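A.B. asks: Coordinates for the following, if possible.
(chains A, B, C and D)
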There are 2 protein chains.
Amino acid sequence: MLISTKGRYALRVMIDLAEHQSEDFIPLKVIAERQEISEKYLESIIKLLVKAKLLNGLRGKGGGYQLTRAPEQYTVGSILRLTEESLAPVACLEDGAASCPRMASCRTLPLWQGLNKVINDYLDNVTLADLVQSDTAGNDYII
Amino acid sequence: MLISTKGRYALRVMIDLAEHQSEDFIPLKVIAERQEISEKYLESIIKLLVKAKLLNGLRGKGGGYQLTRAPEQYTVGSILRLTEESLAPVACLEDGAASCPRMASCRTLPLWQGLNKVINDYLDNVTLADLVQSDTAGNDYII
DNA sequence: ATATTACCAACCTTTCAAGTAGGTTATAAG
DNA sequence: CTTATAACCTACTTGAAAGGTTGGTAATAT
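C.D. replies: As a prediction, this is how the structure comes out:
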């Protein structure tokens, strides 16, 4: 499995916020309830999104979270890469992987590189806006 | 990570056998040495390949393993699906996954289905023969 | 008869996803 | 200036699965 719950939840949070943009700051509690995800677990995920400036966090009464940009400005790839350590399909393509001694003669490396590209290209060509709009016309990510 | 060592090793075994097709049956020991993989671990992987008829196994002196078909007849996808439980990028698309109550309204499902298709299409369009030949002309799986 | 090699079942060990628990700091409103 | 709210922070627990070992049994060629 390539995408863990962490990444899937992160994406759902972003979509939730994109769908409620008019309501200013939205508390974690509200998002957790709407998405039926444990508050505490969601907290640890949202923290990553704030640290990477994908979200603004505001403390205190009336506080919560909001997007820092328009939904069109976020690619799914950029969101998932934050929470998923790596989107690489195999260990040897992960960041900081020990360089493999078999690399030069590896029969499978080009295959994995190709797969990696296909995955990343796909995810980088879908934006948050594509996932929010109910009108699906023109969305070529739909199979 | 989508592809575990199990799947990667399985593919390397298949490539190894494809590259030594003239030598009749090749013992596990020889494959393990050439590929620098633990004999015992490899054994458990090869067992799956034999059971699924991707390989022939012959016991006794002069025994070992050989391909049951020509390398062009094996897709990478068919090999990996054997060893990898599932190539699904997310849990909800795995075989036998509990049907999700959010399915009908899920904003992300089409995205995951599209990703799943992209991955499987890619892997089903590369054959063992593509990975063996050193002449890479016409291999569009190479990025 | 013996060496060789596939086949089989059970167990171990480490890692990591997934989730909890319990606090501290900033902010708005009364 | 106190109180409620809500983000922020650190550490721990748990369960499952990847990755691998151990110790055998059955078939085959010489």
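A.B. asks: Residues of chain A that sit close to DNA strand C?
C.D. replies: Proximity of chain A to DNA strand C (CB under 7 Å from any atom of the strand) is limited to residues A:4-6, A:38, A:40-41, A:43-44, A:58-63, A:85. Where C-beta positions appear, they are placed from N, C-alpha and C, glycine not excepted.
A.B. asks: Quick one: the helices in chain A, in order.
C.D. replies: A:5-19, A:28-35, A:39-51, A:76-83, A:109-124, A:128-132 (DSSP state H).
A.B. asks: so which of those comes closest to B:S22?
C.D. replies: helix A:109-124 (24.2 Å; CB to CB).
A.B. asks: Give me the contacts around that closest one.
C.D. replies: Defining contact as CB atoms under 8 Å, 6 or more residues apart in numbering or on different chains, one finds that helix A:109-124 is touched by A:2, A:75-78, A:80, A:87-90, A:92-93, A:103, A:141, B:2-3, B:76, B:89, B:114-115, B:118-119, B:122-123, B:126, B:131, B:136, B:139, B:141-143.
A.B. asks: again, but for stretch A:12-19
C.D. replies: Residues from elsewhere that reach stretch A:12-19, judged by CB under 8 Å, 6+ apart: A:26, A:31, A:34-35, A:37, A:42, A:45-46, A:49, A:54-55, A:65-67, A:71, A:74, A:79, A:128-129, A:131-132, B:107-108.
A.B. asks: buried set for that stretch?
C.D. replies: A:12-19 (16 or more other CB atoms under 10 Å in any protein chain shown).
A.B. asks: same check, this time on stretch A:125-132
C.D. replies: For stretch A:125-132, a neighbour-count test (16+ other CB under 10 Å) marks A:126-128, A:130-132 as buried.
A.B. asks: Between those residues, which sits nearest B:S99?
C.D. replies: A:L131 (21.0 Å).
A.B. asks: how near is that closest one to A:E84?
C.D. replies: Per CB to CB, to the nearest Å, A:L131 is found 17 Å from A:E84.
A.B. asks: Equivalent analysis for A:A129, please.
C.D. replies: Counting by CB to CB, the gap from A:A129 to A:E84 is 21 Å.
A.B. asks: and what of A:K6?
C.D. replies: According to CB to CB, A:K6 and A:E84 sit 7 Å apart.
A.B. asks: And for A:S78?
C.D. replies: A:S78 is 11 Å from A:E84, where distance means CB to CB.
A.B. asks: Which positions in chain A make contact with chain B?
C.D. replies: Taking CB under 8 Å from any CB of the partner chain as the criterion, chain A approaches chain B at residues A:1-3, A:5, A:8, A:11-12, A:15, A:76, A:86, A:88-91, A:94, A:102, A:107-108, A:110-115, A:117-119, A:122-123, A:126, A:131-132, A:136, A:139, A:141-143.
A.B. asks: Go again with 7 Å.
C.D. replies: Taking CB under 7 Å from any CB of the partner chain as the measure of proximity, chain A contacts chain B at A:1-3, A:8, A:11-12, A:15, A:76, A:88-91, A:107-108, A:110-111, A:113-115, A:117-119, A:122-123, A:126, A:131-132, A:141-143.
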